[in-house]
Each structure stands twice: as structure tokens, then as C-alpha cells.
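Novice: Starting from these lines, generate the structure:
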Amino acid sequence: MKRAYIFYRGSDNSQSNEISIATQKAVCRDYANTRGWKIVKEFTEPVIATVTGSTDPGALQTIKNNASKGLYDVLLVYKYDILGRDKDESPFVVEGLSRYGIETWSVLEGSKRFAEHIERLIKETFGKMINKDKPLYVESTCNQ
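Specialist: Presented below is the predicted three-dimensional model:
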């Protein structure tokens, strides 16, 4: 049986597409139980830490530290973007945990691997850099 940590993060009222911590808990617990995972610990980062940009490492740092100790096998979240303060931070959390053999799962997105996050970041980065009206080309010259 896999041992699971679950991480919840609050949002402020202006984020209307976000769900409450209570709802995250209900959905994540059901998801873990359906898969036969043993929930060994749950962590909550309240809305105040998210809104104020608190520099206190808190729950996520504990999760990272415990990964190196082998205290759990799976980290479950409602959705991946709660793993970072912005969407570009989340892949690095996933990668860091995977170094210790920790699987990262999202109720909405399933299992993720670091490579999938990097691929998405590359597509997003280059997509912003490319002028959509002109083809991308590279000109190369060689001096012989």
C-alpha cells in the first residue's frame, strides 16, 4: 500500500475558479482512498500565506524534507499549480520529489513527471517568443 501525503492550498475570494480547502480535502481523500493509498499526513497552507506571499517555507518545505527521509510514496494535490506560487515553480517541486522516488498526483490532472512539465514550459516559452505571423527560421553561416 502506498503512503500518501496530501497538500492543500487556499485561495482568496478574487480567485473564483478556485475551490475551498474543505472541498479539496473531501475530493483528495476520496481520490486517495479509491486508489487504496494510506493517507499518512495532510498539510494545509491557508489563504493568508498565498495572498501575502509569505516567505515562510511551511508545509511545502516539510513535504520536501520528508521526501528525502522516505516517509511517504505519493504526494497528492487537487491541481498541480498549487505546488508553486506561480505555474512555473510547480515543475521544479515535482522534479525535486521525483529524485527521492516520490510520485506526484493531481486529482484533476493525474500523475505527472518532470519531463512533461519541462516540455510544457518549453512550448509556452517558445510560443511567446515566436511571431505567429512569420515562420521561425535560423540562419547559419560558416567561415571556412
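Novice: hey, where'd the helices end up in the protein?
Specialist: 21-34, 47-52, 58-68, 90-98, 114-129 (DSSP state H).
Novice: Would you mind checking the average pLDDT for the first one?
Specialist: Averaged across helix 21-34, the pLDDT comes to 96.
Novice: For it, which outside residues touch it?
Specialist: 4, 6, 8-10, 19, 39, 42, 44, 46, 74, 76-78, 105, 107 (C-beta atoms under 8 Å, 6 or more residues apart in numbering). (C-beta placed from N, C-alpha, C; glycine too.)
Novice: Identify each buried residue in that helix, please.
Specialist: Within helix 21-34, the residues that count as buried by 16 or more other C-beta atoms under 10 Å are 21, 24, 28-29, 31-32.
Novice: Next, format these as TSV and append distance to Asn65.
Specialist: Listed next are the buried residues of helix 21-34 as TSV, based on distance: C-beta to C-beta, whole Å:
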residue	distance to Asn65
Ile21	22
Gln24	22
Cys28	21
Arg29	23
Tyr31	24
Ala32	21
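Novice: hang on, isn't Ile6 packed against Ile39?
Specialist: Yes - using C-beta atoms under 8 Å, Ile6 is in contact with Ile39, at 6.2 Å.
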